[in-house]
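**Student:** next input, structure requested:
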Amino acid sequence: MKLLAITGLSTLMLMPSLGSTEPLGEADIRRDIIGKTVYLSTPLGGELPLIFRSSGKVDGNGRAIGLGRYVKPSDTGQWWMDANRLCQKFQSWNKGKPMCFELERAGANKVKWTRDNGKTGVARIGN
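**Tutor:** Down below sits the predicted model:
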């Protein structure tokens, strides 16, 4: 019984706390994000898919969430790494200006992102 209690306590101490997050470094981002589709949660519901290709291209398609009412519904750009941040620059979106994101693990196949302008959100990592 004592061994069971010690084992249980040890397991709890080794588990990350529910509120903690783990920052992703460049190697983590290349392994977990590049070559996959990342689905950004939008404030009005739905998800905006971004495909980060290993070639350095990023493709986005906002047709399903009605993005065409506000801006070009789909766009293509480039992504790159800068000091453990994932950066991207689209042709039209964000007026063609670059933006960089710090990423933190936020559960199985989820990341929390913080943009260089301070905005934050969550995203689901697909295939």
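
**Student:** now do the helices in the protein.
**Tutor:** For the chain, the helices defined by DSSP state H cover 2-14, 26-32.

**Student:** which one of these has the lowest average pLDDT?
**Tutor:** Lowest mean pLDDT of the helices of the chain: helix 2-14, a mean of 32.

**Student:** and stretch 28-38, how far out from the chain's middle?
**Tutor:** 9 Å (C-alpha atoms, centre = their mean, to the nearest Å).

**Student:** now the chain, which segments are flagged as low pLDDT?
**Tutor:** Scanning the chain for pLDDT under 70 picks out the ranges 1-20, 64-71.

**Student:** mind checking the longest strand of it?
**Tutor:** Here the longest strand in the chain is taken by residue count, with DSSP state E as the criterion, and it is strand 74-82.

**Student:** what strands line up against it, and which way round?
**Tutor:** Strand 74-82 has the following strand partners under DSSP bridges: strand 57-61 (antiparallel), strand 85-90 (antiparallel).

**Student:** neighbouring contacts of the longest one?
**Tutor:** Same thing as strand 85-90. 29, 33, 50, 52, 58, 60, 75-81, 96-103, 116 (C-beta atoms under 8 Å, 6 or more residues apart in numbering). From N, CA and C alone the C-beta is placed, and that goes for glycine too.

**Student:** at 6 Å what do you get?
**Tutor:** Residues outside strand 85-90 that contact it (C-beta atoms under 6 Å, 6 or more residues apart in numbering) are 29, 58, 75, 77-80, 98, 100-102.
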